[in-house]
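Trainee: coordinates only, sequence not included:
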Ligand SMILES: C/C=C/C(=O)SCCNC(=O)CCNC(=O)[C@H](O)C(C)(C)COP(=O)(O)OP(=O)(O)OC[C@H]1O[C@@H](n2cnc3c(N)ncnc32)[C@H](O)[C@@H]1OP(=O)(O)O
């Protein structure tokens, strides 16, 4: 295919992914679950955090990269949406189908939207792919609008080894572990997975609003700047479900929304 636009509508296939209770527990630990949150870390009481689903569906954006739609070494995860349809089992198999739903032309970059559907969730990845824009397509959604002061702000510490833990859940792109790969996307050191930051923000939001984090019904956010493992962040929330995560450099997740049932 010659133009990114040619990938719109492309079916990326179907996959059934199996997991055990070890995997949602590892997910909970990798996004900062505490030892007293037994529902998240102890198999006898386990409830699966819905964003764990995103680790099961990681194959879909990877298939698009492997098929040649973009250069895997310089693309980044631009944004994510997750809609929960029903709870994930504690262990078992999930069958999913994926396709490219949109291709946006940002001038300097192309943005691919990849949707993954299963009977438990619908998830959409936006992949920001520098160097292949300017193909005459539509620009798509712009930057999120400015917000008033947040209704609450909670500090969020990331761990120096957080990307090393999170990658064991399936996203083993080298930019999260190898300084040379990080340099290839212009970063001074390996960066944290956007989904680790967003998942951690959702967990903080649940604690703050008094919801059980496994009751999450929808989550979304745009990755506005990289996070470096070990950085201190702030999670900001709005009563209507708005969510933003900032570092001392500015927003790292903006346009966020999280809802609990
Ligand atoms: C395989 C990888 C997995 C990962 O997990 S990677 C880790 C998670 N992701 C990140 O850390 C990415 C953090 N974000 C960034 O580094 C930057 O942010 C970007 C490189 C994505 C973009 O920065 P810039 O090239 O400076 O773009 P601009 O000049 O701010 O905007 C140009 C156009 O691109 C749109 N855009 C900007 N950021 C995103 C995004 N994150 N997702 C989708 N579109 C984006 C804007 O809106 C605008 O377009 P309009 O003029 O139409 O408004």
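Mentor: Thanks, I have the structure now. Bear in mind the structure is a predicted one, so any value in this text is a computation, not a measurement.
Trainee: Over to the residue of the stretch 151-261 of the chain found nearest the ligand: give its phi and psi.
Mentor: Per CB to the nearest ligand atom, residue 194 is where the stretch 151-261 of the chain lies closest to the ligand, at 3.0 Å. The C-beta positions use only the backbone N, C-alpha and C, and glycine is treated the same way. When quoted as degrees, to the nearest 10, the phi and psi of residue 194 stand at phi -60, psi -40.
Trainee: Please apply the same query to residue 157.
Mentor: Per-residue torsions, residue 157: phi -90, psi 130 (degrees, to the nearest 10).
Trainee: Looking at it now. What's its pLDDT?
Mentor: With respect to pLDDT, residue 157 scores 98.
Trainee: Tell me who's in contact with the residue lying closest to it once chain neighbours are set aside.
Mentor: Setting aside the residues directly before and after it, residue 157 is nearest to residue 232 in space (CB to CB, 6 or more residues apart in numbering), at 5.7 Å. Going by CB atoms under 8 Å, 6 or more residues apart in numbering, residue 232 touches 155-158, 247-248.
Trainee: I'd like the distance between residue 232 and residue 128.
Mentor: 25 Å (CB to CB, to the nearest Å).
Trainee: what do you get for residue 200?
Mentor: Shown here: residue 200 relative to residue 128, a distance of 21 Å by CB to CB.
Trainee: For these two, indicate the residue with more neighbours.
Mentor: residue 200 (27 against 21; other CB atoms under 10 Å).
Trainee: What is the neighbour count of the closest residue to that one other than its chain neighbours?
Mentor: Leaving out its chain neighbours, the residue that sits closest to residue 200 by CB to CB, 6+ apart is residue 31, at 4.5 Å. When neighbours are defined as other CB under 10 Å, residue 31 has 28 of them.
Trainee: Could you do residue 120 as well?
Mentor: Neighbour number of residue 120 under other CB under 10 Å is 18.
Trainee: now swap in the one 4 residues further on and tell me
Mentor: Other residues lying near residue 124 total 20 when counted by other CB under 10 Å.
Trainee: Over to the one 3 residues further on?
Mentor: By other CB under 10 Å, the residues close to residue 127 number 23.
Trainee: cool, and the one 4 residues further on?
Mentor: The local packing of residue 131 (other CB under 10 Å) involves 12 other residues.
Trainee: same deal with the one 5 residues further on?
Mentor: Other residues lying near residue 136 total 8 when counted by other CB under 10 Å.
Trainee: ok, now which ones touch it?
Mentor: Residue 136 touches 3, 5, 105, counting by CB under 8 Å, 6+ apart.
Trainee: on that earlier part again, could you pick out the buried ones from the contacts of residue 232?
Mentor: The neighbour count (16 or more other CB atoms under 10 Å) marks 156, 158, 247 as buried among the contacts of residue 232.
Trainee: now the residues you listed as CSV including distance to the ligand?
Mentor: Formatted as CSV, the buried ones among the contacts of residue 232 follow (distance: CB to the nearest ligand atom, whole Å):
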residue, distance to the ligand
156, 16
158, 13
247, 11
